[in-house]
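[1] prediction below, plus the sequence it came from.
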Amino acid sequence: MTMVCHRPEGLEQLEAQTNFTKRELQVLYRGFKNECPSGVVNEETFKQIYAQFFPHGDASMYAHYLFHAFDITQTGSVKFEDFVTALSILLRGTVHEKLRWTFNLYDINKDGYINKEEMMDIVKAIYDMMGKYTYPVLKEDTPRQHVDVFFQKMDKNKDGIVTLDEFLESCQEDDNIMRSLQLFQNVM
């Protein structure tokens, strides 16, 4: 079996496209190549890597959604460039960039809106990922309650869907969300 390897575009180009220094990109690339020697990661490998961070839960569905958000070109694999571009947004992007990326993650079918079914799928995947040992113990209807609260806050015109504009506006009005976006600002 032959392994096809992918070499990323030049570091100078990635440095210009991201918020990382050349040195940081080299460190990230070493780590990426260590986990993914071929230079690309498929969804199954991504799920295995992600599952290591949530040993008490089932992270497979959330990892599936996350993988598709990282797989910008929808090729079924994530190259280093895709990975580092998303990481740059999540760690060092502007508030607007982070919120747009998060909206894209939640918009599972990529139709430009978040509907209740998509939000329910995401919330259930998060609860599955956290596992059975959450405190306080979750009730059966907790995911539905969270989705209802999300829509009460985000669906400004009450049409049953959340647009990007509604999402951006609602998030920027919420101090907790704005604080959480700053949590990883100084990572790396």
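    Noted; the coordinates are in hand.

[2] can you give me the helices for this protein?
    Ranges of helices in the chain, per DSSP state H, are 11-17, 22-35, 43-51, 60-70, 80-92, 95-106, 116-130, 142-154, 164-173, 175-181.

[3] what would those look like in TSV with mean pLDDT?
    Formatted as TSV, these follow (pLDDT from 0 to 100):
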stretch	mean pLDDT
helix 11-17	91
helix 22-35	92
helix 43-51	92
helix 60-70	95
helix 80-92	93
helix 95-106	95
helix 116-130	92
helix 142-154	92
helix 164-173	96
helix 175-181	89
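
[4] okay, these in JSON lines with mean neighbour count next?
    Where you see a C-beta, it was placed from the backbone N, CA and C, and this is true even at glycine. Shown next, in JSON lines, are the helices of the chain (neighbours: other C-beta atoms under 10 Å):
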{"stretch": "helix 11-17", "mean neighbour count": "13"}
{"stretch": "helix 22-35", "mean neighbour count": "14"}
{"stretch": "helix 43-51", "mean neighbour count": "16"}
{"stretch": "helix 60-70", "mean neighbour count": "19"}
{"stretch": "helix 80-92", "mean neighbour count": "19"}
{"stretch": "helix 95-106", "mean neighbour count": "17"}
{"stretch": "helix 116-130", "mean neighbour count": "18"}
{"stretch": "helix 142-154", "mean neighbour count": "16"}
{"stretch": "helix 164-173", "mean neighbour count": "16"}
{"stretch": "helix 175-181", "mean neighbour count": "12"}
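
[5] mind checking how far the one residue sitting closest to the centre of the chain is from residue 118?
    The chain has residue 66 as the residue nearest its centroid, 4.5 Å off, counting by C-alpha atoms, centre = their mean. According to C-beta to C-beta, to the nearest Å, residue 66 stands 14 Å off from residue 118.

[6] domains of this structure?
    What the TED database lists as the domains of the chain is 19-91, 111-186.

[7] reformat those as TSV; add distance to residue 11.
    Shown next, in TSV, are these (distance: least, C-beta to C-beta, whole Å):
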stretch	distance to residue 11
domain 19-91	5
domain 111-186	22
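
[8] which one of the ones you listed lies nearest to residue 13?
    Between residue 13 and those, the tightest spacing by C-beta to C-beta is seen for domain 19-91, at 8.9 Å.
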